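Student: below are the sequence and a predicted model; questions follow.
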Amino acid sequence: MDTHGFAILDQLRAHFDRTRSLLMNRTTFEAHRVLWGVEDKPARAELQRLTDEERALYQDLQQNRFGPNRRLEQEHVGFHSLIAQLDALGVERLSRNGPRLLD
């Protein structure tokens, strides 16, 4: 999760406007503070297709509100965060046929 990740999300929504991000939020970012890295060259573009929450985090990253050029690489996001997000979305985790939305 860094400025370039939000830029990619913005570009994806140019073609698939109903795309929803997963774990690209302030709660996930702040929960993994000890795993933050440094982004070499942050993106500076104005992104038009982010949600209000995504845009606020993107701007905070751009403006170094968490420290200089902070980022969180996706492989460092804890599995517990993924499970909590899937539960919140109503995705059944244990199914013979793979994940599905609960009724």
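Tutor: Good, I have the coordinates.

Student: list the buried residues in the longest helix along the chain.
Tutor: The single longest helix within the chain, with elements called by DSSP state H, is helix 3-15. Neighbour-count burial for helix 3-15, counted by 16 or more other C-beta atoms under 10 Å, picks out 3-7, 9-10, 13. Any C-beta I mention is one placed from the backbone N, CA and C, and that applies to glycine too.

Student: which residues touch His76?
Tutor: His76 is in contact with 32, 35, counting by C-beta atoms under 8 Å, 6 or more residues apart in numbering.

Student: give me the residue at the spatial middle of the chain.
Tutor: Met24 (1.3 Å; C-alpha atoms, centre = their mean).

Student: that one contacts Ile8, correct?
Tutor: No. At 10.1 Å, Met24 does not count as touching Ile8 under the criterion of C-beta atoms under 8 Å.

Student: quick one on the thing from earlier: skipping adjacent residues, who's closest to the residue nearest to the centre of the chain in space?
Tutor: Once flanking residues are discounted, Met24 sits nearest to Met1: 5.4 Å by C-beta to C-beta, 6 or more residues apart in numbering.

Student: got any ranges where the protein has weak pLDDT?
Tutor: By pLDDT under 70, the weakly predicted segments of the chain are 93-103.

Student: could you pull out the helices for this protein?
Tutor: For the chain, applying DSSP H gives helices covering 3-15, 26-31, 52-62, 79-89.

Student: this completes my enquiry, with thanks.
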